[in-house]
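Student: What follows is a predicted protein model with its sequence.
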There are 2 protein chains.
Amino acid sequence: MVVEIDGMQESNLLTTLEDIGLRKTSARVAVTAQIENTSDSFTAEQLCRDLPYVGRATVYRTIRHLVDAGALCKLPILDGAPMYSIARVEHHHHTICTKCGSVGEFRHTTVERVMRSLEKEIDGRITGHRMEIFIICSKCLAE
Amino acid sequence: MVVEIDGMQESNLLTTLEDIGLRKTSARVAVTAQIENTSDSFTAEQLCRDLPYVGRATVYRTIRHLVDAGALCKLPILDGAPMYSIARVEHHHHTICTKCGSVGEFRHTTVERVMRSLEKEIDGRITGHRMEIFIICSKCLAE
DNA sequence: TGATTAGTTGAAACCTAGTATCATTTAAAA
DNA sequence: TTTTAAATGATACTAGGTTTCAACTAATCA
């Protein structure tokens, strides 16, 4: 997601990093720009491959900063390397195709209502939840 | 879960392995017994520590067999090594204490109803779902 | 502006979790 | 009992990620 201000492109992710007191370095400009130009979700290794001139450690550190800041969302995957995508403001859940691994999003208010009704049943304080629907996506079904 | 038959203790997990055509070896007896004596969920590394005389490779292989056979359930955890627990017949979900990492279980019929209502919204065929409630457990709240 | 300094970088070493290899051992069929 | 295919486990390897630390640089200060 890139916001146009006075003809200058200003990166949301870069701004997030600056907002939490981190410096605007060329490595961070490159990493955040690459993430924003990636339409879909991505893995850390993918990002490293796309940015060979940025060190692995820096790529991983930048991802960690962005996840900690809430600007990136660590996607629920079945096995292997975690995937990330730019965090949306609204709360949502994920669909995961168990065949091709593609991750989708959905929102459903009933899920949130279920949460509230669970508060009585559960021994402790609810702080959050996560839900994944496993599917065979329409693309894989068509094959 | 251990079933008593004619005074002999017969392991369900071991039986599962034999049912899928695997041999009853001392290593498999040890691993399945250890899992059944573990009241809670466990990691592969924990099991290796508890069974120093069984090779790591064998412990991992046995867990894989049991998960593939559906007798063990790979629990959703936040980060790090996955946890396992003996699979229950009924479908259920998990509560995860984000402070101490303890995993609990709950069942809720509304969740299943939500699933059915989602079938229209989602582009693909639903094959399963998973839900995690993040909590601070009563034990951690008390501290 | 240039000097200062604390934050940042990246190569390399390390770590954790897990898998593959393969010579040796063993369960179980013949 | 012999046979043999399956299983084991020490070891090496891999993937994914973190730590270390000397060199570098952004941003502040004089």
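Tutor: Thanks, I have the structure now.

Student: which element is residue A:27 on?
Tutor: Take DSSP states H and E as the rule and residue A:27 turns out to sit in helix A:26-37.

Student: CA-only coordinates of that helix, as PDB, when you get a sec.
Tutor: Taking C-alpha atoms only, helix A:26-37 is exported to PDB below (Å, rounded to 0.1, in the frame of the first residue of the first chain):
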ATOM      1  CA  SER A  26      18.400   2.600   2.500                       C
ATOM      2  CA  ALA A  27      17.900  -1.100   3.600                       C
ATOM      3  CA  ARG A  28      14.600  -0.300   5.300                       C
ATOM      4  CA  VAL A  29      13.400   1.800   2.300                       C
ATOM      5  CA  ALA A  30      14.200  -1.200   0.000                       C
ATOM      6  CA  VAL A  31      12.600  -3.800   2.200                       C
ATOM      7  CA  THR A  32       9.300  -1.900   2.900                       C
ATOM      8  CA  ALA A  33       9.100  -0.900  -0.800                       C
ATOM      9  CA  GLN A  34       9.500  -4.500  -1.900                       C
ATOM     10  CA  ILE A  35       6.800  -5.700   0.500                       C
ATOM     11  CA  GLU A  36       4.400  -3.000  -0.700                       C
ATOM     12  CA  ASN A  37       5.100  -4.000  -4.300                       C
END
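
Student: quick check, it touching DNA strand C?
Tutor: Yes - judged by CB under 7 Å from any atom of the strand, helix A:26-37 comes into contact with DNA strand C at A:27-28. C-beta: built from backbone N, CA, C; applies to glycine.

Student: Whichever helix or strand comes after that helix near chain B at all?
Tutor: Reading on from helix A:26-37 to the C-terminus, the next helix or strand found by DSSP H and E is strand A:42-43. No - residues of strand A:42-43 are not located near chain B by CB under 8 Å from any CB of the partner chain, the shortest gap being 15.3 Å.

Student: Pull up the pairing partners for strand A:42-43, direction included.
Tutor: Here strand A:42-43 has these sheet partners by DSSP bridges: strand A:83-86 (antiparallel).

Student: tell me which parts of chain A are close to DNA strand C?
Tutor: The interface of chain A toward DNA strand C, taken as CB under 7 Å from any atom of the strand, is made up of A:22-23, A:25, A:27-28, A:53-58, A:61-62.

Student: Adding neighbour count and pLDDT, write those out as a markdown table.
Tutor: Formatted as a markdown table, the residues of chain A next to DNA strand C follow (neighbours: other CB atoms under 10 Å in any protein chain shown; pLDDT from 0 to 100):
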| residue | neighbour count | pLDDT |
| --- | --- | --- |
| A:22 | 15 | 95 |
| A:23 | 8 | 96 |
| A:25 | 13 | 97 |
| A:27 | 16 | 97 |
| A:28 | 22 | 97 |
| A:53 | 7 | 95 |
| A:54 | 19 | 97 |
| A:55 | 12 | 97 |
| A:56 | 12 | 97 |
| A:57 | 9 | 97 |
| A:58 | 16 | 98 |
| A:61 | 15 | 97 |
| A:62 | 27 | 98 |
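
Student: The helix or strand containing residue A:74 pairs with which strands?
Tutor: For residue A:74, the host element (DSSP H and E) is strand A:72-75. The sheet places strand A:72-75 alongside strand A:83-86 (antiparallel), with pairing taken from DSSP bridges.

Student: average model confidence for the strand it pairs with?
Tutor: The average pLDDT within strand A:83-86 is 87.

Student: Can you name every helix or strand that the helix or strand just after that strand contacts?
Tutor: Once the chain leaves strand A:83-86, the next helix or strand it forms, by DSSP H and E, is strand A:93-97. Other helices and strands packing on strand A:93-97, by 3 or more CB pairs under 8 Å, 6 or more residues apart in numbering or on different chains; DSSP states H and E, are strand A:103-106, strand A:124-137.

Student: Just name the most buried of the ones you listed.
Tutor: Highest mean neighbour count among the helices and strands packed on strand A:93-97 (mean count of other CB atoms under 10 Å in any protein chain shown): strand A:124-137, with a mean of 18.

Student: so of the residues of chain A next to DNA strand C, which ones are in helices?
Tutor: Judged by DSSP state H, the subset of the residues of chain A next to DNA strand C located in helices is A:27-28, A:56-58, A:61-62.

Student: Farthest-apart pair in those, please.
Tutor: Using CB to CB, the pair of these lying farthest apart is A:28 and A:56, separated by 14.8 Å.
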